[in-house]
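Novice: give me a model of this one.
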Amino acid sequence: MSEQQQQKVAMVVMAHADDAEFGCAGTAARWAKEGWEVYYVLCTDSSSGGPDDATDVSEEARQRIVATRMQEQRNACAILGVKDVFFLGHRDGELQPTIELRKELVRLYRTYKPTRLICQSPVRTWEPAMSLGAYHPDHMAAGEAALAAVYPASQNPWDFPDLFEKEGLKPHKVKEVFIMSSPKENYISDISSTIELKWEALRAHTSQLGDHFEEIRSWIDSYHATVGKKIGTTHAESFHRTENR
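Specialist: The predicted model follows:
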């Protein structure tokens, strides 16, 4: 199917606020500039994103973190041109690829009918060196749920028939999937035209990056520049891309 025939809708499914900004914001912003409707889905409430030296971990403190991180994510989405962001609200640090989570994602897929999906990897890579930060258990759970919702559940009328019968949500096939931090990456996305938007969106996550923004930006910039050289551009993001035929 040609791009002209596709519905230009993309969905980004992540575990936490700021996950997308680190891994795929340049690509999401480029798609938005190219006329795609881009939607974000965050599976958790991001409530464990407080300071490591915290002395108050009460529920009240967690809810303050939730409110802050939701607003930071909305601010980042506005910068990138993301049309809307959905917060599923599962407990941060406890996410599991449950049937309930799968159904929530299928409902969104069938409602908004994305042609493209970006998600996190459900498995770790061990070479050349594993980064624990890229493989938070919530990341892998979100990736597994996102992929299970793509195939077969979203396109199979027999999966979650109540979505079909009671909510009128007909089956929908997601055509392309882009997986972040995959053990085998096969697709490079040129983000040279949107790299500044990526930095601005990352900076919006003040509670997480704070005074460390420039340090974090430096190592991310180096990585994107290295990936970009592979296709002759200044900055790029990499994925494992697969088609759902």
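
Novice: quick one: contacts for residue 173?
Specialist: Neighbouring residues of residue 173 by C-beta atoms under 8 Å, 6 or more residues apart in numbering: 154-155, 244. C-beta here means a position set from N, CA and C on the backbone, and glycine is covered the same way.

Novice: let's see that with 10 Å instead.
Specialist: 109, 113, 115, 150-152, 154-156, 244-245 (C-beta atoms under 10 Å, 6 or more residues apart in numbering).

Novice: can I get those residues in TSV with neighbour count and distance to residue 212?
Specialist: Listed next are the contacts of residue 173 as TSV, based on neighbours: other C-beta atoms under 10 Å; distance: C-beta to C-beta, whole Å:
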residue	neighbour count	distance to residue 212
109	25	36
113	17	39
115	21	36
150	27	35
151	14	39
152	13	42
154	27	38
155	18	42
156	14	45
244	16	38
245	5	43
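
Novice: among these, name the ones in helices.
Specialist: 109, 150 (DSSP state H).

Novice: just the contacts of residue 173: which are in strands?
Specialist: Using DSSP state E, no member of the contacts of residue 173 falls in strands.

Novice: distance to residue 77 added to the contacts of residue 173, as CSV?
Specialist: Shown next, in CSV, are the contacts of residue 173 (distance: C-beta to C-beta, whole Å):
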residue, distance to residue 77
109, 19
113, 20
115, 19
150, 22
151, 27
152, 30
154, 23
155, 27
156, 30
244, 25
245, 31
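
Novice: ok, the contacts of residue 173 vs residue 29, which is closest?
Specialist: Closest approach to residue 29 among the contacts of residue 173 (C-beta to C-beta): residue 115, at 17.4 Å.

Novice: show me the contacts for the residue of the chain most remote from its centre.
Specialist: Residue farthest from the centre of the chain, counting by C-alpha atoms, centre = their mean, is residue 55 at 30.4 Å. Residues near residue 55 by C-beta under 10 Å, 6+ apart: residue 61.

Novice: next, the distance between the ends of stretch 157-173.
Specialist: End-to-end distance of stretch 157-173 (C-alpha to C-alpha, to the nearest Å): 11 Å.

Novice: pretty sure residue 118 belongs to a strand, no?
Specialist: Yes: counting by DSSP: H, G, I helix; E, B strand; the rest coil, residue 118 is located in a strand.

Novice: number of residues surrounding it?
Specialist: Residues near residue 118, counting by other C-beta atoms under 10 Å, number 28.

Novice: beta partners of it?
Specialist: With DSSP bridges applied, residue 118 shows beta-bridge pairing to residue 12, residue 178.

Novice: start the count at 524 instead of 1 going forward.
Specialist: All set: I'll call the first residue 524, so the last point we hit is now residue 641.

Novice: residue contacts, it?
Specialist: Shown in contact with residue 641 (C-beta under 10 Å, 6+ apart): 533-537, 543, 546-547, 550-551, 554, 561, 563, 669, 699-703, 712, 760, 762, 764.

Novice: got the CA positions of stretch 582-589 in PDB?
Specialist: Extracted in PDB, the C-alpha atoms of stretch 582-589 (Å, rounded to 0.1, in the frame of the first residue of the first chain):
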ATOM      1  CA  GLU A 582       0.700   8.300  48.100                       C
ATOM      2  CA  GLU A 583       0.200  12.100  48.200                       C
ATOM      3  CA  ALA A 584       3.800  12.600  47.100                       C
ATOM      4  CA  ARG A 585       3.300  10.100  44.300                       C
ATOM      5  CA  GLN A 586       0.200  11.900  43.000                       C
ATOM      6  CA  ARG A 587       2.200  15.200  42.900                       C
ATOM      7  CA  ILE A 588       4.700  13.400  40.700                       C
ATOM      8  CA  VAL A 589       1.900  12.100  38.500                       C
END
